[in-house]
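Undergrad: For reference, the sequence and a predicted model appear below.
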Amino acid sequence: MQTSVWRLAHIACDMARRYRNFAVFTGFVGTGKTFALKHYAAAHPNTYVIEATPTMTPQSLVKQLARVVCGLEKGSIADKFDQIVASLADTDSLIVIDEAETLTPAQLHTIRRVRDLANIGVVLSGTEHLSGLIRPAHGQFDQIRSRAGFWPETIKGITREDAAALTQAALGAEEVEEAVIDRLHAYAKGSARMLTEGLLAGIREFRDGRALDVKLVDAVAKQALCLSAIHQTGGQS
């Protein structure tokens, strides 16, 4: 049975925080990893989310960590690194690195040293390519792999539970019928991005006071996104 993206994200963060080691959390593009991790961070103090980029260097990584963790803008890289460690040392803090598949060995080494010296947890989150970088035994990322205490299979798509959580987050306190969740999940085909940026965005844009029901979902799917209609049984026409 497929596990919820939200649930796995929270387990990864809790495990890394509790045991002060690495967790590796991977999923296909568009499965809602970033949203789930930011949701966790918003509800758990001392969780610091860093979004890696292809142009990031070890120095810019330290600068960003110093800004997020300590509020530091000035000082040498060495001073910032020391302050990061001092601020995090032996706390229940957690560092989450999103888009971690873009990191180089030098950047991962920097993160590992912060983790080792501060004795905190780190979550590395990214696409399925992240697992390919870290998994080989005795490879260049072996020191990360050997410290990974939680490493579930790559998420391939969102579950109905994820669809319900994302829908409720987008619509606030409004009550959503189970049939509407089922239909949204069916149209999304495992993509959190299709659900949030396509279907739910379309509903907000074109709803115009209409009741939130299956007919509205069908209308938005067809007229705004050119998706094939889905029968009551769940199959597409």
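TA: Received the coordinates, thanks.
Undergrad: and Asp92, which of the three is it?
TA: At Asp92 the chain is in coil, as set by DSSP: H, G, I helix; E, B strand; the rest coil.
Undergrad: begin at 54 from here
TA: All right, first residue 54 from here; so that's Asp145.
Undergrad: what's the burial count for Glu258?
TA: By the criterion of other C-beta atoms under 10 Å, Glu258 has 10 neighbours. Quick note: C-beta positions are derived from backbone N, CA and C, even for glycine.
Undergrad: Is it correct that it is in contact with Ala277?
TA: Yes. Taking contacts as C-beta atoms under 8 Å, Glu258 lies within contact range of Ala277: 7.4 Å.
Undergrad: moving C-terminal of the lowest-mean-pLDDT helix or strand in the chain, what's the next helix or strand?
TA: Scoring the helices and strands of the chain by mean pLDDT, DSSP states H and E places helix 195-198 at the bottom, with a mean of 70. Next along the chain after helix 195-198, taking DSSP states H and E as the criterion, comes strand 201-203.
Undergrad: Could you pull up the mean pLDDT of that following strand?
TA: Computed over strand 201-203, the mean pLDDT rounds to 78.
Undergrad: all strands for this protein, in order.
TA: Taking DSSP state E, the strands of the chain run over residues 75-79, 100-104, 147-151, 174-179, 201-203.
Undergrad: Which among these is found nearest to Ser129?
TA: Ser129 sits nearest to strand 100-104 of all the strands of the chain, at 19.9 Å, using C-beta to C-beta.
Undergrad: What is the closest one packed up against?
TA: helix 86-96, helix 111-118, strand 147-151 (3 or more C-beta pairs under 8 Å, 6 or more residues apart in numbering; DSSP states H and E).
Undergrad: Out of the ones you listed, which gets nearest to Glu104?
TA: Nearest of the helices and strands packed on strand 100-104 (C-beta to C-beta): strand 147-151, 4.8 Å.
Undergrad: who does that closest one pair up with?
TA: strand 100-104 (parallel), strand 174-179 (parallel) (DSSP bridges).
Undergrad: one step back: CSV please, covering the helices and strands packed on strand 100-104 and showing distance to Asp135, mean neighbour count and mean pLDDT.
TA: Listed next are the helices and strands packed on strand 100-104 as CSV, based on distance: least, C-beta to C-beta, whole Å; neighbours: other C-beta atoms under 10 Å; pLDDT from 0 to 100:
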stretch, distance to Asp135, mean neighbour count, mean pLDDT
helix 86-96, 24, 19, 93
helix 111-118, 10, 19, 95
strand 147-151, 16, 24, 97
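Undergrad: between the ones you listed, which one is nearest to Ser57?
TA: Closest of those to Ser57 is helix 86-96, at 8.7 Å (criterion: C-beta to C-beta).
Undergrad: from the middle of its chain, how far away would the closest one be?
TA: Distance of helix 86-96 from the chain centroid (C-alpha atoms, centre = their mean, to the nearest Å) equals 6 Å.
Undergrad: May I have it as PDB, with CA atoms only?
TA: Coordinates of the C-alpha atoms in helix 86-96 are reproduced here as PDB (Å, rounded to 0.1, in the frame of the first residue of the first chain):
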ATOM      1  CA  LYS A  86       7.600  17.000  -1.100                       C
ATOM      2  CA  THR A  87       8.400  20.700  -0.600                       C
ATOM      3  CA  PHE A  88       4.900  21.500   0.600                       C
ATOM      4  CA  ALA A  89       4.900  18.700   3.100                       C
ATOM      5  CA  LEU A  90       8.200  19.600   4.500                       C
ATOM      6  CA  LYS A  91       7.300  23.300   4.800                       C
ATOM      7  CA  HIS A  92       4.100  22.300   6.500                       C
ATOM      8  CA  TYR A  93       6.100  20.300   9.000                       C
ATOM      9  CA  ALA A  94       8.600  23.200   9.600                       C
ATOM     10  CA  ALA A  95       5.700  25.600  10.200                       C
ATOM     11  CA  ALA A  96       4.400  23.400  13.000                       C
END
